[in-house]
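A.B. asks: Return atomic coordinates for the entry below.
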Amino acid sequence: MLVENIKSALTDALNNLGYPSIAVNISPASNEDFGDFSSNIALLLTKELNQNPIAIAQKIKDEMGLDHEIINEITVSKPGFINFKISNKYYYNVLNIILKKSDFGKSQYGKGKRANVEFVSANPTGPLTIGHGRNAVLGDVVSNILEWNGFSVTREYYFNDAGRQMRILSDSVEARYFEELDKPSKFPKDGYEGNYINEIAKNIISVHGNSLSSGDAVFKKFPEQKIFDQIKNTLKGLGITFNLFSNEKAFYENGDIDRLISELKSKDLIYEKDGATWFKSSSLGKKQDRVFIKSSGEPTYRVPDTAYHRNKIERGFDLIIDVFGADHMDTYPDVLNALEALGYKTSHIKVLLYQFVTLLRGGEKIKMSTRKANFITLDELIDEVGVDVVRYFFIMRGKNTHLNFDLDLAADQSEKNPVYYLQYAHARICNILQRSERLDDKSISFDAELLIHHEEIALIKKLEKFPSVVKNSLDLFEPQIIASYLQGLAGLFHKYYAECRIISDDEDLTSARIALALAAKKVLASGLNILGINAPVKM
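C.D. replies: Numbering: from 1, shown residues only. Just a heads-up that it's a prediction; the model follows:
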């Protein structure tokens, strides 16, 4: 890549000058008049060499020389920056590469490696909400990024159809069942409210009749299956499918939980206190011990989750990713701590924490409660603004940033809507290609050196960055990097379209500009594909 080439040339110059070995930093130039990139390496060497940074920078510059295929000019500016202006020949070559390669921006970084991404993992107690939506889209796009970089990815959904939440769900449905039949019933404290509970109760009457007794297994099995089917349909509507569904209950049934507790006991890391079972995490450097099994006999989530993660490690994945809400920040380390105590390496387990979502309408926050069922479901959100908008809005901010989901903006079909703005850029290019009757890169011959307008060069420079953008999004597991890049790319294309007449009487210039439009279309389509968003040919 371009930056790596400059770094290599700088490192060689430092070695030739006998200067100390030091990490070379390259960054985009703050002032384009100086060039495209700059380095502060001379400033970093000032103290060690006891020389003026301008003098150091000049010596490094003189030692590097010029590679006219890549670097057109090297300059020095105060207080000691070395600036690099990249040759247009380099960018013209990039344009040709984009048009010739079907997979520009892809890498084989993860070739031969297996990754597991666990996300959503909502228990079947109700329909998916907007909070689940951010988890779902984040996990799916991270999976796409991994696949784009050569990984073989297993998308996994982990759930629990037992425990307190499921008992409350069963009791809630049972109470509504008897209410529908005008029979005595008692709705549970903290029960699940909402019309979906009533609908499930009506379905039970329709399928199983009106003579069920309290405590019948139907009140447990029917709602969990009904809700899980709805969850799968919602995810399918978002364009998300899973390779594997894992049930927490399996780790109790196959003995993994008992094995876990037994092995931790053998290491003197389990003890009893106040009727509860504790994990002695304080002996492993943590501030306090953690409850593993409550005095009621019910395990905390740490127990099955530790067994589950050991199972994932033992399945031999090279990379394991968990997508959690920010409320797991203080608790997931306990799982890793227990695994390390059992001798497992956890450096390949990456936990992605995302901040929560606030839904806005008319600038006002919509208050929601899952238990009280006064929430907007993910299905309702998709119906209102569409799949593409939902997916994009959930990843257009960094995962560590609180997300305000503005329903008014999401429903807007003007350039104010970032999704519309992106897709319109792609559709606009398709329209240009249709009018020019040059629909793909195989049917065009062009002279790239005719592209000399400022907006043309700026657009090619942006296209050149796509591989490094994808790699950066992989390194940080951050889809927002790609979303932000695409916005910038769309903006540059719209500006290019306004400043440069693409189809004109000059056939040679038209061909060159059509080639540039084709390259922009390919990169836009690739980026949208990674995000799981449609690239329309017309709007």
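A.B. asks: Skipping its backbone neighbours, what lies nearest Asp140 in space?
C.D. replies: Ile240 (4.8 Å; Cβ to Cβ, 6 or more residues apart in numbering). C-beta coordinates here come from the backbone N, C-alpha and C atoms, glycine included.
A.B. asks: give me the number of residues near the one you found?
C.D. replies: Close neighbours of Ile240, defined as other Cβ atoms under 10 Å, add up to 21.
A.B. asks: just Glu455 next, same as before
C.D. replies: Glu455: 17 neighbours (other Cβ under 10 Å).
A.B. asks: what's the answer for Ser39, then?
C.D. replies: Ser39 has 22 neighbours, counted by other Cβ under 10 Å.
A.B. asks: pLDDT score for it?
C.D. replies: pLDDT for Ser39: 95.
A.B. asks: wait, what's in contact with it?
C.D. replies: Taking Cβ atoms under 8 Å, 6 or more residues apart in numbering, we find Ser39 in contact with 6, 10, 24-27, 81-82, 84.
A.B. asks: Can you tell me how far it is from Glu199?
C.D. replies: Using Cβ to Cβ, to the nearest Å, Ser39 is found at 64 Å from Glu199.
A.B. asks: before we move on, what about Pro333?
C.D. replies: Counting by Cβ to Cβ - Pro333 and Glu199 are separated by 40 Å.
A.B. asks: next one: Val291
C.D. replies: Counting by Cβ to Cβ, the gap from Val291 to Glu199 is 37 Å.
A.B. asks: more crowded one of these two?
C.D. replies: Val291 (16 against 13).
A.B. asks: what's Glu73 sitting at in phi/psi?
C.D. replies: phi -160, psi 140 (degrees, to the nearest 10).
A.B. asks: Could you give the number of residues near it?
C.D. replies: Number of residues near Glu73 (other Cβ under 10 Å) recorded here: 14.
A.B. asks: Ala115 too?
C.D. replies: 22.
A.B. asks: Bridged to it, which residues?
C.D. replies: Here Ala115 sits in beta bridges with Val153, Leu319, going by DSSP bridges.
A.B. asks: And the nearest residue to Lys113 once chain neighbours are set aside, its phi and psi?
C.D. replies: Distances taken as Cβ to Cβ, 6+ apart put Asp318 closest to Lys113, at 4.1 Å, once the chain neighbours are dropped. With angles defined as degrees, to the nearest 10, Asp318 sits at phi -80, psi -20.
A.B. asks: my read: Asp318 touches Asn116, true?
C.D. replies: No - counting by Cβ atoms under 8 Å, Asp318 sits too far from Asn116 to count as a contact (9.1 Å).
A.B. asks: which one of the two has more residues nearby?
C.D. replies: Neighbour comparison, Asp318 and Asn116: the larger count goes to Asn116, with 26 against 13 (by other Cβ under 10 Å).
A.B. asks: give me every residue that touches the more buried one.
C.D. replies: Listed by Cβ under 8 Å, 6+ apart, the contact partners of Asn116 are 153-154, 156, 312, 315, 317, 319-321.
A.B. asks: Find the residue closest to it in space, skipping its chain neighbours.
C.D. replies: Closest residue to Asn116 apart from its sequence neighbours, by Cβ to Cβ, 6+ apart: Phe317 at 4.4 Å.
A.B. asks: How about the secondary structure of the nearest residue to His328 once chain neighbours are set aside?
C.D. replies: Nearest non-adjacent residue to His328, counting by Cβ to Cβ, 6+ apart: Leu353, 6.5 Å away. Assigned by DSSP: H, G, I helix; E, B strand; the rest coil, the conformation of Leu353 is strand.
A.B. asks: Leu353: neighbour count?
C.D. replies: Leu353 - counted by other Cβ under 10 Å - has 15 other residues nearby.
A.B. asks: Can I get stretch 389-406 in CSV? Just the C-alpha atoms.
C.D. replies: C-alpha atoms of stretch 389-406 as CSV (Å, rounded to 0.1, in the frame of the first residue of the first chain):
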residue,chain,number,x,y,z
VAL,A,389,-32.0,2.6,6.4
VAL,A,390,-32.2,0.5,9.5
ARG,A,391,-29.0,-1.3,8.8
TYR,A,392,-27.1,1.9,8.0
PHE,A,393,-28.4,3.9,10.9
PHE,A,394,-27.3,1.2,13.3
ILE,A,395,-23.7,1.4,12.2
MET,A,396,-23.3,5.0,11.1
ARG,A,397,-21.9,5.9,14.5
GLY,A,398,-19.0,4.1,16.2
LYS,A,399,-20.0,1.3,18.4
ASN,A,400,-18.7,3.1,21.5
THR,A,401,-20.9,6.1,20.8
HIS,A,402,-24.5,6.4,22.0
LEU,A,403,-26.8,6.3,19.0
ASN,A,404,-29.8,8.6,18.5
PHE,A,405,-32.0,7.0,15.9
ASP,A,406,-33.9,9.9,14.4
